[in-house]
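# how would this look folded up:
(chains A and B)
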Amino acid sequence: MSTDTESSYADGFGQVSRTAGTVFRYLLLGATMFGIVTLAVLLVYVANDAIRPLTADLGWHLTFFLTLVVPTAVVGGYLARRNVPALKLGGMVIGMLGVFLLFSGGVAIVFVDIVPPLTGLSYVVGLLVPAALTVVLTKYEQQIPFTLRVAATGAAFILSLVGVPGYFHSIPEIVRQLPVVPADWMILTLVLGGVAAVVVGQYVARIREDTTAGLAAGASALVLTGLAAVVGPTLGVDANAAAVVTSVAFVPTLAYAGGAAVTREQERIGLLLAAVVIGGSLVGAVAVDALGFAGPQSWVDWQFLTSAHSGTAENAGLYPAIGGSILLMATVAALSFPLGVGAAVYLEEYAPDNAFTRFIDVNISNLAGVPSVVYGLLGLGVFVTYLGQPTGTVLIGGATLALLILPIVIISSREAIRAVPSDMRQASYGMGATRWQTVKNVVLPEAFPGILTGTILALGRAIGETAPLIMIGAPNVLFSLPTELTSKVSAMPLQVYAWSSLFASEDFYTKAVPAGVVVLLAVLLAMNSIAIVLRNKFESEN
Amino acid sequence: MTRNSDSGLSRRKFLIASGAAGLAGLAGCTENNTDGEGGSGGDSEGGDSSGDGSNELSGTIDIAGSSTVFPLATAMGERFQTEHSEVNINLQSTGSGGGFANYFCTGQTDFNNASRPIKGEEETQCEDNDVTPVELKVATDALTVIVNNDNDFIGEGLTVEQLQTIFSAESTPTTWSDVNSEWPDEEIQIYGPTDASGTYDYFIEAIIGEEGPGHRQDYSATEQDRTIIQGVQGSEYAIGYMGFAYYSESTDAVQAVPIENDAGEFVEPSLDTALSGEYNPLSRPLFTYPARESLAEEHVAEFARYWMENSTSREIVADEVGYVPLGDDEQQEMLDTLNAAIEEAN
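Prediction:
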């Protein structure tokens, strides 16, 4: 009886053979790897064209191999065997420095070239004054009725930023017309260093659970930024650049590394890895310079990053396009974040479950898949033709791209809000909180990292979009940074497209195009890495 | 909850503390500045909003239009920009017709490049929007017919009649043997610019005839000249046409077809043959059309002058871009037209 049953099972499976299973398994592996490997081959090819590592002297490679690769491999190998969390910490510090250095370049473009520091300062002051007033008003929350508070806050901001024409100037205008103005680097130190000080101070105060330590850390961050700006010029670094790089890249990395060294005793040895990598790079750079070995003649060089398009591929650069992409992303973020999060909160927390909501639900999911060229047409139709705006400006481009990523922002924000345990909501209601208080104090803070992750990933999609920009008539070539919302804008992918299509020469294909692709991908990877780090942190906390 | 209120408290303290630090810093900086203003003036003056350099040109110039003239306009813009860094020049390649209809005549751009003269209906459209185009010739182009490098059957070249047979909507031969029975019985693959392109319009005018049956539509049309080159490079039995500048960038990839001229000689396109007039009927003038209304602005007028003054430059027009520069007489004529228009605009 039992043998019968077994044989019938075997019949059902057909002939039992290990080979079939193995073949199937490797076919699946092949399917998994196919896309990744093809893309990797292309990227290696492009990177080789752009960076040209083989043009460097053998001595250059050898020097860096000895100073950077070997020590890193030794320390990394040791940590990988003994202490993986420490290895992660070291990698985190290095990655942080790299990504923040990249962003400090972007910040420098925005706060030095696009917005003159004095204008920036004037707006910061113009915003700080009413913000301070709001803080004061919040203190007397109990005494002042809600509507009055809202009205006062709104009036303070409007008065401060716009002023009353004919009676008194807005605060930004007053600051700009001050007879004596500080030098640019002082303003940068104050504004960017100030932001860095607040962030670092809060971070240190939180991990040390000590307000005084936080204050000290914040103050030293500010001092460090100012010091860099003062010392920078003596070392041949522009004071403005020194202030920006220090406040955006060095200070946060230092704070993170320092914080880890103090609080995470098990893992602090990982900082050795970061020290080896950074020290090795510096020693290698100095050694190469002293020994006279030539580095690779990369097309992604300082000239490429800081100059505009040129008729010859060697002199062509990406600068206006980088600035354009940054401005576009700022506009997109400013437009899509409040709209997207607002919609997500409504749909998750307020909307009744009826046919209308489900209809909206289905449509948002579909909109996320609509091709970008259709959004480009939408932008052209609505903003340019119907509203009569000029073509190809920062505002129009940003608005079109914001529409494009809005469904993605809504969907990912909803996921994040849905992931907040309903126990927390119930607890909040149980304590007598209203729905608005629950959303404000429980749901949004808890969901915020997830919302941010989704938004950054969506921005990563927007930064690579070309078709909508072509549709709204963004110029193929421009020579200067856009400085206002109404100036024409180009973007990195658009510039790469223009080089590859309108400047058909072999030169552009082998030099400018790969260099542009490498820069675009570097920015994209930096953005995505931040999103991934945020997500991991978020997940490990839950 | 306690944890929350704790962090809220420290945040507030920080805000206050950093505000105080900021104020202190601000005070320090201003003082510093009064002391060292004379010394560090050169350093900080650049970004100040006080009106400096009133003679410096500034403003925005928007240029759209022909993809054929685009490289030339870019070369001029690049040079002008290095001399006047406050002028922003935005260039877009839309095709001559696309530029007139969607950008120039609607008042969105200051210049429209064209690889053919403006059409009557375009002038009417411009007039309706109070835009007055000023015709300026900027260079001469040799419209180039290209075939695959392996193509040896066309012999010493093509006649205008043969081109007409291949490209007109009337005959639409599908194989080369339909054009000439001695040629192989293989399908002709045709690449060319779209009907938004001035190159397309000029080809009709010069080869097929304005009154004729028109251009055949069953061909691979693209605004990207590179695509035309790639298409012809990829197939032995392909033919296409484009501006000379793009061909001159990739002379190894495809071969230019000598065209029989009015003297009965087969002439290959080149800068010299176009200039001497031997290469006909496919050599053509290239234009840019500034709007007279825009010329009232000084930076636009200056850029137009700059372009005309450099239109005889062999270095820019011929060596870098690949067109035939204007002669001195033509240049003078254009400068006169331009100056008259600028005067009228002001």
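# for chain B, what are the nearby residues on the stretch 201-350 of chain A?
Listed as neighbours of chain B in the stretch 201-350 of chain A under the rule Cβ under 8 Å from any Cβ of the partner chain: A:201-202, A:205-206, A:211, A:214-215, A:218-219, A:222, A:226, A:239, A:308-312. No exception for glycine: its C-beta is placed from N, CA and C like everyone else's.
# narrow those to those in helices?
A:201-202, A:205-206, A:211, A:214-215, A:218-219, A:222, A:226, A:239 (DSSP state H).
# can you flag the buried ones in the residues of the stretch 201-350 of chain A next to chain B?
With burial judged by 16 or more other Cβ atoms under 10 Å in any protein chain shown, the buried subset of those is A:201-202, A:205, A:211, A:214-215, A:218-219, A:222, A:226, A:239, A:308-311.
# show me the contacts for residue 141.
Unless you meant another one, I'm taking chain A. By Cβ atoms under 8 Å, 6 or more residues apart in numbering or on different chains, the contact set of A:Glu141 is A:Arg149.
# try again with chain B
With contact taken as Cβ under 8 Å, 6+ apart, B:Asp141 is in contact with B:68, B:115, B:243-245, B:274, B:283-286, B:323-324.
# B:Thr288: which element?
strand B:283-290 (DSSP states H and E).
# just B:Asn90 next, same as before
Element membership for B:Asn90, per DSSP H and E: strand B:87-91.
# what's that strand packed up against?
Judged by 3 or more Cβ pairs under 8 Å, 6 or more residues apart in numbering or on different chains; DSSP states H and E, strand B:87-91 is in contact with strand A:477-478, strand B:59-65, helix B:70-83, helix B:298-309.
# so what touches that strand?
For strand B:87-91, the surrounding residues in contact (Cβ under 8 Å, 6+ apart) are A:392, A:475-480, A:487-488, B:57-64, B:70, B:73-74, B:77, B:80-81, B:299, B:303.
# now the angle from it to strand B:59-65?
10 degrees (axes from the mean of the first three to the mean of the last three Cα atoms, to 10 degrees).
# per-residue confidence at the residue nearest the centre of chain B?
Chain B has B:Phe70 as the residue nearest its centroid, 1.3 Å off, counting by Cα atoms, centre = their mean. On pLDDT, B:Phe70 comes in at 90.
# B:Gly25 now?
If you check B:Gly25, the pLDDT there is 46.
# up against chain B, what does the stretch 351-500 of chain A have?
By the rule Cβ under 8 Å from any Cβ, the part of the stretch 351-500 of chain A lying against chain B is A:390-392, A:441, A:473-480, A:487-488, A:498, A:500.
# let's go with 10 Å and repeat that
By Cβ under 10 Å from any Cβ of the partner chain, the residues of the stretch 351-500 of chain A that approach chain B are A:380, A:384-385, A:388, A:390-392, A:431, A:441-442, A:445, A:470, A:473-483, A:486-490, A:497-498, A:500.
# tell me how far the ends of stretch B:56-76 are from each other?
In stretch B:56-76, first residue to last residue: 19 Å (Cα to Cα, to the nearest Å).
# so who does the spatially closest residue to B:Asp201 that is not a sequence neighbour touch?
In space, and not counting its chain neighbours, B:Asp201 is closest to B:Arg116: 4.7 Å by Cβ to Cβ, 6 or more residues apart in numbering or on different chains. B:Arg116 is in contact with B:66, B:68, B:96-97, B:197-206, B:284-287, counting by Cβ atoms under 10 Å, 6 or more residues apart in numbering or on different chains.
# I only care about the residues you listed that end up buried; give me the ChimeraX line for that.
Selecting the buried subset of the contacts of B:Arg116 in ChimeraX, with 16+ other Cβ under 10 Å as the burial test, is done by:
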select /B:66,68,96,97,197,198,199,200,201,202,203,204,206,284,285,286,287
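# let's see which of the contacts of B:Arg116 end up in helices.
Taking DSSP H as the definition of helices, these contribute B:96-97, B:198-203.
# from A:Leu43, how far off is A:Ile36?
Using Cβ to Cβ, to the nearest Å, we find A:Ile36 at a distance of 10 Å from A:Leu43.
# which one of these two is surrounded by more residues?
Neighbours were counted for A:Ile36 and for A:Leu43 using other Cβ atoms under 10 Å in any protein chain shown; A:Leu43 has more, 13 against 9.
# okay, and the more buried one sits in which element?
helix A:18-51.
# I'd like the next helix or strand past that helix.
On the C-terminal side of helix A:18-51, the nearest following helix or strand under DSSP H and E is helix A:58-64.
# quick one, strands of chain B?
Along chain B, counting by DSSP state E, strands occupy B:59-65, B:87-91, B:111-114, B:136-142, B:144-148, B:189-192, B:220-221, B:238-242, B:254-256, B:259-260, B:266-267, B:283-290.
# domain parsing for chain B?
As recorded under automatic domain parsing, the domains making up chain B are B:59-139+B:285-345, B:144-281.
# just these: most buried one?
domain B:59-139+B:285-345 (a mean of 21; mean count of other Cβ atoms under 10 Å in any protein chain shown).
# ok, back up a step: mind picking the two most distant members of the buried ones among the residues of the stretch 201-350 of chain A next to chain B?
Farthest pair in these (Cβ to Cβ) is A:Thr211 and A:Gly311. Separation: 59.0 Å.
# secondary structure class for the nearest residue to A:Ile408 once chain neighbours are set aside?
In space, A:Ile408 comes closest to A:Ala458 once its chain neighbours are excluded; the distance is 4.2 Å by Cβ to Cβ, 6+ apart. With DSSP: H, G, I helix; E, B strand; the rest coil as the basis, A:Ala458 sits in helix.
# what about A:Leu521, helix or strand, and which?
Per DSSP H and E: A:Leu521 is located in helix A:513-541.
# who does A:Leu478 form a beta bridge with?
B:Asn90 (DSSP bridges).
# quick one: low-confidence parts of the chain?
In the absence of a named chain, this looks at chain A. A:1-15, A:166-168, A:504, A:541-542 (pLDDT under 70).
# not quite, go with chain B.
Ranges of chain B meeting pLDDT under 70: B:1-55.
# now the regular element (helix or strand) spanning A:Leu452: buried residues?
Using DSSP H and E, A:Leu452 falls within helix A:444-463. Residues A:444, A:446-460, A:462-463 are the ones in helix A:444-463 that count as buried (16+ other Cβ under 10 Å).
# ok, now stretch A:326-343?
Here stretch A:326-343 shows A:326-333, A:335-337, A:340-341, A:343 as buried, counting by 16+ other Cβ under 10 Å.
# ditto for stretch A:506-516
Buried residues in stretch A:506-516 (16+ other Cβ under 10 Å): A:507-509, A:511-516.
# need the max-distance pair from these.
The distance between the two most remote of the buried residues of stretch A:506-516 (Cβ to Cβ) is 13.5 Å, for A:Asp507 and A:Gly516.
# between these two, which contacts overlap?
Here A:Asp507 and A:Gly516 share the contacting residues A:316, A:499, scored by Cβ under 10 Å, 6+ apart.
# break chain A into its domains for me.
Domains of chain A are assigned by automatic domain parsing as A:2-51, A:61-300, A:313-541.
# ok now the second one, how far from the chain's centre?
Here domain A:61-300 shows a centroid-to-chain-centroid distance of 14 Å under the convention Cα atoms, centre = their mean, to the nearest Å.
# now the end-to-end length of it.
OK, domain A:61-300 end separation, Cα to Cα: 18 Å.
# from chain A, how far out is the residue lying closest to B:Asn112 once chain neighbours are set aside?
Computed as Cβ to Cβ, 6+ apart, the closest residue to B:Asn112 that is not its neighbour in sequence is B:Phe104, at 3.7 Å. For B:Phe104, the distance to chain A equals 12 Å [Cβ to the nearest Cβ, to the nearest Å].
# so what's B:Phe104 up against?
Counted by Cβ under 10 Å, 6+ apart, B:Phe104 has contacts B:62-65, B:94, B:96, B:98, B:110-114, B:118, B:122, B:125-126, B:129, B:131, B:133, B:289-291, B:294.
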